[in-house]
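sharing a model that was predicted from the sequence below.
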Amino acid sequence: MEQYKGAPFGELSPHVFAVADASYRAMISEGRSQSILVSGESGAGKTETTKLIMQYLTFVGGRASGDNRTVEQQVLESNPLLEAFGNARTVRNDNSSRFGKFVEIQFDTNGRISGAAIRTYLLERSRVVQITNPERNYHCFYQLCASGRDAEKYKLDHPSHFRYLNQSKTYELDGVSNAEEYIRTRRAMDIVGISHEDQEAIFRTLAAILHLGNVEFSPGKEYDSSVLKDEKSSFHLGVASNLLM
Ligand SMILES: Nc1ncnc2c1ncn2[C@@H]1O[C@H](COP(=O)(O)OP(=O)(O)OP(=O)(O)O)[C@@H](O)[C@H]1O
């Protein structure tokens, strides 16, 4: 990053840092907002490229280490958080973003980061209830199932016991520990300022979704009526209703 800082565009080998640096310089010299559009097919590298751009901008626009770097940390930690809830394994990419995002980083007149905002678009919601082998549901579900005491608290266990996860037999990702990723997601939530109470509410809702997925119905005695299929279904419905209360 140091190498690309202030280097004339085109002088060094092509790199996303050069694009980020050029737009940062243009913002400073012209005093106008700049946009970088990252596009490409699935697996092309948009997510990783965006992270590199954000790293570069927090490098050139961040405060000296030792100062309060909260905003920069929040900008960088927003990535693992969004990925936990919006990324999933697909046939093309183990960490495919299933939503679009607009990241805005604001700078003060000295070129220092003063704030940030992220807007997300069009999450692929159908994935929550339907997946096909070898794809996966959103990472957050597998992370929660591997969370040890938290999983026990929400009456969760291995993903193979939940309909919304066992439609595909892929539960693990190469080189990724679901348990460690859960800790990383919780840390990111702390850093971006989500209270523990809200975090608890979010994970309770995720657990309730998994339990609801295991509720099955069968035809009742009355015309057009239905009843819970078995004990297992009434257990999961009971747990889901408790979690959502
Ligand atoms: N700069 C890079 N260096 C090394 N590997 C990379 C780089 N960019 C992408 N990759 C590899 O390609 C994979 C897919 O990249 P990424 O998730 O960024 O794609 P994407 O375009 O965002 O895909 P999608 O549209 O599915 O979200 C990454 O998991 C990583 O393995």
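In hand now; what should we look at? Residues are numbered from 1 along each chain as shown.

how about the residues of the chain near the ligand?
40, 42-48, 93-97 (CB under 6 Å from any ligand atom). In short, each C-beta sits where N, CA and C put it, glycine included.

among the residues you listed, which ones are in strands?
96-97 (DSSP state E).

closest to residue 30 out of the residues of the chain next to the ligand?
Of all these, residue 46 has the smallest distance to residue 30: 26.2 Å, by CB to CB.

next up, the contacts around that closest one.
By CB atoms under 8 Å, 6 or more residues apart in numbering, the residues touching residue 46 are 38-40, 97.

and for residue 158?
145, 171.

check which residues of stretch 221-231 are buried.
By neighbour count on 16 or more other CB atoms under 10 Å, the buried set for stretch 221-231 is residue 228.

can you tell me how far the closest residue to residue 148 other than its chain neighbours is from residue 143?
Closest residue in space to residue 148, ignoring its immediate chain neighbours: residue 179 at 6.9 Å, by CB to CB, 6 or more residues apart in numbering. Counting by CB to CB, to the nearest Å, the separation of residue 179 from residue 143 is 8 Å.

circling back to that earlier point, put the alpha carbons of the helix or strand that contains the residue nearest to residue 148 into PDB.
Per DSSP states H and E, residue 179 falls inside helix 178-192. This file holds the C-alpha atoms of helix 178-192, laid out as PDB (Å, rounded to 0.1, in the frame of the first residue of the first chain):
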ATOM      1  CA  ASN A 178     -17.600 -22.300  11.600                       C
ATOM      2  CA  ALA A 179     -16.900 -22.000  15.300                       C
ATOM      3  CA  GLU A 180     -14.100 -19.500  14.800                       C
ATOM      4  CA  GLU A 181     -16.200 -17.600  12.300                       C
ATOM      5  CA  TYR A 182     -19.000 -17.300  14.800                       C
ATOM      6  CA  ILE A 183     -16.500 -15.600  17.300                       C
ATOM      7  CA  ARG A 184     -15.400 -13.300  14.500                       C
ATOM      8  CA  THR A 185     -18.900 -12.300  13.600                       C
ATOM      9  CA  ARG A 186     -19.700 -11.600  17.300                       C
ATOM     10  CA  ARG A 187     -16.500  -9.400  17.500                       C
ATOM     11  CA  ALA A 188     -17.500  -7.600  14.300                       C
ATOM     12  CA  MET A 189     -20.900  -6.900  15.800                       C
ATOM     13  CA  ASP A 190     -19.300  -5.500  18.900                       C
ATOM     14  CA  ILE A 191     -17.000  -3.200  16.900                       C
ATOM     15  CA  VAL A 192     -19.700  -1.800  14.700                       C
END
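
name the residues of it that come out as buried.
178, 181-182, 184-186, 188-189, 191-192.

show me which of those is closest to the ligand.
The closest of the buried residues of helix 178-192 to the ligand turns out to be residue 181 (CB to the nearest ligand atom; 14.0 Å).

pLDDT weak spots in this protein?
For the chain, the stretches with pLDDT under 70 are 64-69.

for it, what spans make up the strands?
87-88, 96-97, 100-107, 113-121, 217-219, 226-228.

most tightly packed of those strands?
Neighbour counts (mean count of other CB atoms under 10 Å) averaged over each of the strands of the chain peak at strand 87-88, with a mean of 23.
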